[in-house]
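# Model the following, please.
(chains A and B)
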Protein chains: 2
Amino acid sequence: MSTDRTRRRGLLLVNTGNGKGKSTAALGILVRAAGYDFSIGMFQFIKSAETRYGEHIAAELLGVDIVPLGDGFTWLSEDINADRALAERGWQRVREVIEAGSFDILILDELTYCLTYGWLEEEEVLRVLRARPSWMHVVVTGRNASPALIEAADLVTEMHLVKHPFREQGIGAQPGIEL
Amino acid sequence: MSTDRTRRRGLLLVNTGNGKGKSTAALGILVRAAGYDFSIGMFQFIKSAETRYGEHIAAELLGVDIVPLGDGFTWLSEDINADRALAERGWQRVREVIEAGSFDILILDELTYCLTYGWLEEEEVLRVLRARPSWMHVVVTGRNASPALIEAADLVTEMHLVKHPFREQGIGAQPGIEL
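Below you'll find the model as predicted:
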């Protein structure tokens, strides 16, 4: 499978909606791409650097680094300035790897929350994404993708929750399936 | 992370809809679960045994076997009996691993097509799924999940295509992203 950059048209993919599977599908893309020897970077805007999840362990086996940029459920923080500073530090790192062309496929997991909560300037984010190398695929995940982000995207999928009864039955998140 | 079967409530998850990400999200579950040392089996009812995709190569690195049961685009076959026989052979293998309790997490990729096209008896499939070990998670993917399958499921997510303009521009499937 060719990883030739000159023949590739880089796509901007967005996984949004209130259902499960937005980040999970991005992880699935990571698996496929790792199998083809693409270079892959996955940056997680919400997940905390202090917790190691199954995906981090598995990605290491695949030779892929997943970089958590957040400190967990930042949206529960009472300090909006701290949230903003954290998001901005994360975005700075992402902008650098985009401008350096470091990865064939770049996954920006839960980036939309940083836009929804006003931690990052949407205009600046879209400008950098649009100016990326022509061969670079980018996958953005998170609820409430904005009209401007959808407009900029090549492929938008909405994950819609049809049925989720077990949460109501008091059954917690299942390791391996959800965490 | 505990993989203790006695404390686990096995879930039946269904990823359906006309959008991207149904199988990809199942692959993402495989990655997470492999990171936690769950035993995972992934059976693909449509994908051909003759083609190796990125996901097969990557899954091997994770110590997971992905088993293709189909012969590619079987739904284009002109021999309905051959399709049915192929689906039944595949289902036989799946039923054996369910009854033997071989995996913590079992992914039945694109199973719904076998039901939609009448290659497998839905009643028999649902009976076996319902009678599985209580700790076994099962993930079913494919378009047009039937009302009976949705009724049997604990969690149903519909992947909905919001925007897909690049196909209309004549840009083919992108390796690593879609294949």
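# measure the closest residue to A:W119 other than its chain neighbours to A:I107 for me?
In space, not counting the residues next to it along the chain, A:W119 is nearest to A:A87; the distance is 3.6 Å by Cβ to Cβ, 6 or more residues apart in numbering or on different chains. Glycine gets a C-beta too; all of them are placed from N, C-alpha and C. With distances defined as Cβ to Cβ, to the nearest Å, the gap from A:A87 to A:I107 amounts to 17 Å.
# Give me the more crowded residue out of the two.
Between A:A87 and A:I107, counted using other Cβ atoms under 10 Å in any protein chain shown, A:I107 has the larger neighbour count: 26 against 23.
# residues contacting the more buried one?
By Cβ atoms under 8 Å, 6 or more residues apart in numbering or on different chains, the contact set of A:I107 is A:26, A:29-30, A:40-43, A:138-139, A:141.
# Stretch A:9-29 near chain B at all?
Yes: figure legend: stretch A:9-29 in contact with chain B (Cβ under 8 Å from any Cβ of the partner chain); contacting residues A:9, A:11, A:13, A:15-17, A:19-21, A:23-29.
# Can you give me every residue that contacts A:R93?
With contacts defined as Cβ under 8 Å, 6+ apart, the neighbours of A:R93 are A:43, A:67, A:69.
# From the residues you listed, which land in helices?
With DSSP state H as the criterion, helices contain none of these.
# which of those are buried?
Burial by neighbour count, 16 or more other Cβ atoms under 10 Å in any protein chain shown: within those this picks out A:43, A:67, A:69.
# Was I right to think the second one contacts A:K47?
No: look at A:V67 against A:K47 with Cβ atoms under 8 Å: they stay out of range, at 9.5 Å.
# List the buried residues of stretch A:100-112.
Within stretch A:100-112, the residues that count as buried by 16+ other Cβ under 10 Å are A:103-112.
# want to try TSV for those residues, with pLDDT and secondary structure as columns?
Below are the buried residues of stretch A:100-112 laid out as TSV (pLDDT from 0 to 100; DSSP: H, G, I helix; E, B strand; the rest coil):
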residue	pLDDT	secondary structure
A:F103	96	coil
A:D104	95	coil
A:I105	96	strand
A:L106	97	strand
A:I107	97	strand
A:L108	97	strand
A:D109	95	strand
A:E110	94	coil
A:L111	96	helix
A:T112	96	helix
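# so which of these comes closest to chain B?
Closest to chain B out of the buried residues of stretch A:100-112 is A:I105 (6.0 Å), distances taken as Cβ to the nearest Cβ.
# what sits against A:G63?
For A:G63, the contact set (Cβ under 8 Å, 6+ apart) comprises A:A34.
# how about the strands of chain A, start to end?
The residue ranges that make up the strands of chain A, judged by DSSP state E, are A:12-16, A:40-48, A:65-70, A:105-109, A:137-141, A:155-163.
# tell me what the fifth one is packed against?
Contact analysis of strand A:137-141 by 3 or more Cβ pairs under 8 Å, 6 or more residues apart in numbering or on different chains; DSSP states H and E lists strand A:12-16, helix A:22-35, strand A:105-109, helix A:111-116 as its packing neighbours.
# Check the offset of it from the chain's centre.
When C-alpha coordinates are averaged (Cα atoms, centre = their mean, to the nearest Å), strand A:137-141 and its chain have centres 6 Å apart.
# which neighbours does that strand have in its sheet, and in what orientation?
Strands adjacent to strand A:137-141 in the sheet, as given by DSSP bridges, are strand A:12-16 (parallel), strand A:105-109 (parallel).
# And for the second one?
Strand A:40-48 has the following sheet partners, assigned by DSSP bridges: strand A:65-70 (parallel), strand A:105-109 (parallel).
# Give the buried residues for it.
For strand A:40-48, by 16+ other Cβ under 10 Å, it's A:40-47.
# So for it, mean pLDDT?
Strand A:40-48 shows a mean pLDDT of 90.
# and if you look at the third one?
Taken as a whole, strand A:65-70 carries a mean pLDDT of 88.
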